[in-house]
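>>> Build me a model from this:
(chains A and B)
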Protein chains: 2
Amino acid sequence: MLSWVDGQPSELLSVKDRGLAYGDGLFETIAVNAGHPLLLERHLARLAEGCMRLQIPLDLAAVRAQLLAFSQQLNEGVAKLILTRGDGQRGYTPPQPAQPRLILQAAAKPGYPATYAEQGVRLFACAARLAEQPLLAGLKHLNRLEQVLARSEWHDAEHAEGLMLDTSGRVIEGVYSNLFVVSAGVLVTADLSRCGVAGVMRAELLSQATAQGIECQVRDISYAELLAADEVMLCNSIYGVWPVRALLAHHWSVGPLTRKLQAIARDLLDG
Amino acid sequence: MLSWVDGQPSELLSVKDRGLAYGDGLFETIAVNAGHPLLLERHLARLAEGCMRLQIPLDLAAVRAQLLAFSQQLNEGVAKLILTRGDGQRGYTPPQPAQPRLILQAAAKPGYPATYAEQGVRLFACAARLAEQPLLAGLKHLNRLEQVLARSEWHDAEHAEGLMLDTSGRVIEGVYSNLFVVSAGVLVTADLSRCGVAGVMRAELLSQATAQGIECQVRDISYAELLAADEVMLCNSIYGVWPVRALLAHHWSVGPLTRKLQAIARDLLDG
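A predicted model of the protein is given here:
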């Protein structure tokens, strides 16, 4: 598959890269349709926010140009963008100035069963919890061992995603998705100021739902509220929206707000 | 400098490596004297423990053989060993079976001023806190953004190390060292079951101090206890033991237990 390192076709990278040594970098996973990266501005905005918080210098115009060229060549699929702080010497001290490295990798669009979107998915209840680290919360950084451990907990195809709580027991997100619940007609998604990844699809759905007059709240969600919710759904920028129909012995039906958000996501992803 | 990937001289690795994608791996930083890796068994034991907890298959005999051959070629310096889960496809799901990748990188021994060991060092008070994540606590894994952020907080040469607390305010460790305090004649180091890296020098000092009849405790240390301690010291497997002489406006003198542990470490490292 297509793979670029700093704008050149390559499948290799320096062993001195701090992305390998420390997970010192960020990534974005971007759907590409007909040569165009979808939700481009939101992906770039999150990358810029991450670079600011991790103090990684960012040439946003150059990243945009490379991503556009890469997407054109890919045409259809998923572009994974990794931006690291670049090479380092021994030790945590960030090099001054850092020379960030941009890696672009192509993958085929994942072939999820149509039933996931139509009838909803069953969530696995992950035992792995998300640690509370406000310094990294919200960022799509390269320190992802929590997700690796969580995703290792189930091997069957019956569970399409796993539910992750934080170490205090709050409902946060899926392993590779954000989560929304509908409580008393209000669309609620978790506050991600302590942990979690602030997904671009989550941000876009919040924005469009608000514009359509749907009341939205970003706040803590307890496990009890999740179980009592009228609707539960997952989202990400690759598959859009999946209803959640079950978690352990608990079941939800697919409701009207889920279908509305699903339509919004479909418009965004099918263009 | 010397660099091997899977036993072959190379400075490059696949961009598909999960060490880059997710920090999905472990590392060890090993002092090499006259061709011999120091504290070898402790480094290998920690690596094995990490592999077990992260479910990364480990061929310990092969890792040992490569490390010994690499050390012989390096002769003097620091060997950094990185073991990743190897290449992956898109997504967190670990490949079954994984084909781990072993990377060995050489560096010169760092040239710390002799005053650090003789008169002690000043600690920087890091604002970055360590998140509490029992699943990863103690491991020297590749998710090290907390240390990168902490080490970015100071740029002066006056501070040789930084003090890291956990998010609950307990005293845990330095950015690249473990910490001991002496309270009422007892040698105390932090319980690392919630966060922190269980250093091999820390383990060796605990073992040798106990054998010499020094009372040792592994338990929580409050900030107040740190300030009230009779002695404070840092250790790691490269520099041995440094007394801590200051943190902000607080000062400690260098005491007898620090000198005793320093002598133990010197014996281990100077062979």
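>>> buried residues in stretch A:180-193?
Neighbour-count burial for stretch A:180-193 flags A:180-183, A:187-192 (criterion: 16 or more other CB atoms under 10 Å in any protein chain shown). From N, CA and C alone the C-beta is placed, and that goes for glycine too.
>>> Could you export those as JSON lines, including pLDDT, distance to A:Ser14 and secondary structure?
Below are the buried residues of stretch A:180-193 laid out as JSON lines (pLDDT from 0 to 100; distance: CB to CB, whole Å; DSSP: H, G, I helix; E, B strand; the rest coil):
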{"residue": "A:Phe180", "pLDDT": "98", "distance to A:Ser14": "41", "secondary structure": "strand"}
{"residue": "A:Val181", "pLDDT": "98", "distance to A:Ser14": "44", "secondary structure": "strand"}
{"residue": "A:Val182", "pLDDT": "98", "distance to A:Ser14": "48", "secondary structure": "strand"}
{"residue": "A:Ser183", "pLDDT": "96", "distance to A:Ser14": "49", "secondary structure": "strand"}
{"residue": "A:Leu187", "pLDDT": "98", "distance to A:Ser14": "45", "secondary structure": "strand"}
{"residue": "A:Val188", "pLDDT": "98", "distance to A:Ser14": "44", "secondary structure": "strand"}
{"residue": "A:Thr189", "pLDDT": "98", "distance to A:Ser14": "39", "secondary structure": "strand"}
{"residue": "A:Ala190", "pLDDT": "98", "distance to A:Ser14": "37", "secondary structure": "strand"}
{"residue": "A:Asp191", "pLDDT": "98", "distance to A:Ser14": "38", "secondary structure": "coil"}
{"residue": "A:Leu192", "pLDDT": "98", "distance to A:Ser14": "32", "secondary structure": "coil"}
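>>> Dump these to TSV, plus distance to chain B.
Shown next, in TSV, are the buried residues of stretch A:180-193 (distance: CB to the nearest CB, whole Å):
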residue	distance to chain B
A:Phe180	21
A:Val181	23
A:Val182	27
A:Ser183	28
A:Leu187	27
A:Val188	25
A:Thr189	21
A:Ala190	17
A:Asp191	16
A:Leu192	14
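>>> Same list (those residues) but as CSV, adding distance to B:Lys140.
Formatted as CSV, the buried residues of stretch A:180-193 follow (distance: CB to CB, whole Å):
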residue, distance to B:Lys140
A:Phe180, 37
A:Val181, 38
A:Val182, 43
A:Ser183, 42
A:Leu187, 42
A:Val188, 39
A:Thr189, 35
A:Ala190, 31
A:Asp191, 32
A:Leu192, 28
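>>> If we only consider those residues, which is nearest to B:Leu145?
A:Leu192 (16.3 Å; CB to CB).
>>> Burial check on the closest residue to chain B within the stretch 151-271 of chain A, number of neighbours?
For the stretch 151-271 of chain A, the residue closest to chain B is A:Arg151, as judged by CB to the nearest CB, at 3.8 Å. Per other CB atoms under 10 Å in any protein chain shown, the neighbour tally for A:Arg151 reads 22.
>>> how close does it get to A:Val15?
Distance of A:Arg151 to A:Val15, given as CB to CB, to the nearest Å: 26 Å.
>>> Next: A:Val218.
41 Å.
>>> Show me which of those two is the more surrounded one.
Neighbours were counted for A:Val218 and for A:Val15 using other CB under 10 Å; A:Val15 has more, 22 against 15.
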